[in-house]
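In: Predicted structure and sequence below. I'll ask about it afterward.
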Amino acid sequence: MEFIPQSEEEMELRRGAWTADEDLVLMNYIALHGEGRWSSLARRAGLRRTGKSCRLRWLNYLRPDVRRGNITPEEQLLILQLHSRWGNRWSKIAQCLPGRTDNEIKNYWRTRVQKHAKHLHCDVHSKQFEDVLRHLWIPRLVERIQASSGDSPAAAGAEVPTSCDEPVNAIPESAQGGEDGSGANGCWSECGYSELGVPDFDQSIWEDEMWSMEDIWLQQQL
DNA sequence: AAGAATAGCAACCGCCTTGCA
DNA sequence: GTGCAAGGCGGTTGCTATTCT
């Protein structure tokens, strides 16, 4: 049974946080009719929401394959690499991180990465910050990944896609411990790299360590 | 213990692109 | 070729939880 709003009151659009009931309605409707045609979907499902709002709610939150929780070091590494290549192309970056949404990656970048840039008193797009990423942050992430995965070259020397089906090794040589850092076969997302089961780090602990490295780096610049 | 400051994240806004009549 | 509607994307805002003073 489809609900077609008749009166103006029924047409009045809701905004703000979604309720559990609205979520349920949206999920049920999509389960029955599939996604797409969001504007009419919103009307027919009886949701007083814009099509855009429904689409966003589904893609960023309700979709069954959405992964939640801490961004793992592998994912962080991938984000840093892909962002250096593609810039703020969040949806494109998200395509290479299964289960992560563009919104989540964007939020990660703004809250974590830009915060570090701010602490360094430089712009995220500056050469200085690029150097920090390339020579400190990324190598540290690689070390962490190596350590936690039993020094698996597949993880530590993983390749980063230029597109999701065109892998290249994007980890800078300075960040690679051995002469042969390769071993992963193609796009991380496709080989399931981020699903290898490397445990999450306690973000605050390892980020603290990042800051001691920052001090070293700043010293080197003096 | 309470208020202020900060961080994290969900959701909205506005612009651009695409598809179709 | 043009206009319109819908979808997609990046930027921004605002709310809530947490941390700090």
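Out: Arrived safely, thanks for sending. What you are looking at is a predicted structure, and each value in this text was computed from that prediction instead of being measured.

In: Show me where chain A has its strands.
Out: A:160-163, A:166-168 (DSSP state E).

In: Where among those strands is average confidence lowest?
Out: Note on the strands of chain A: strand A:166-168 shows the lowest mean pLDDT, a mean of 41.

In: tell me, how many neighbours does A:D21 end up with?
Out: 9 (other CB atoms under 10 Å). The C-beta positions use only the backbone N, C-alpha and C, and glycine is treated the same way.

In: show me the residues around it that make contact.
Out: A:D21 sits next to no residue when contact means CB atoms under 8 Å, 6 or more residues apart in numbering.

In: and it, what pLDDT?
Out: 88.

In: what does A:L24 give?
Out: 90.

In: Return the residues in contact with it.
Out: Neighbours of A:L24 in contact, by CB under 8 Å, 6+ apart: none.

In: residue contacts, A:S53?
Out: A:R15, A:A42 are the contacts of A:S53 under CB under 8 Å, 6+ apart.

In: Could you measure from it over to A:W18?
Out: According to CB to CB, to the nearest Å, A:S53 and A:W18 sit 8 Å apart.

In: Run a quick neighbour tally on A:D65.
Out: The burial count for A:D65: 6, using other CB under 10 Å.

In: so who does it touch?
Out: A:P98, A:G99.

In: That one and DNA strand C, how far apart?
Out: 15 Å (CB to the nearest atom of the strand, to the nearest Å).

In: And the contacts of stretch A:103-111?
Out: So stretch A:103-111 is contacted by A:L56, A:N60, A:I71, A:Q76, A:I79, A:H83, A:N88, A:W90, A:I93, A:A94, A:L97 (CB under 8 Å, 6+ apart).

In: wouldn't A:L141 be in contact with A:Q76 here?
Out: Yes. Contact status for A:L141 versus A:Q76: in contact at 6.0 Å, counting by CB atoms under 8 Å.

In: Who has more neighbours out of these two?
Out: Comparing A:L141 with A:Q76 by neighbour count (other CB under 10 Å), the higher total belongs to A:L141, at 26 against 22.

In: Which residue is the nearest non-sequential neighbour of that one?
Out: Excluding its sequence neighbours, the residue lying closest to A:L141 (CB to CB, 6 or more residues apart in numbering) is A:L77, at 4.5 Å.
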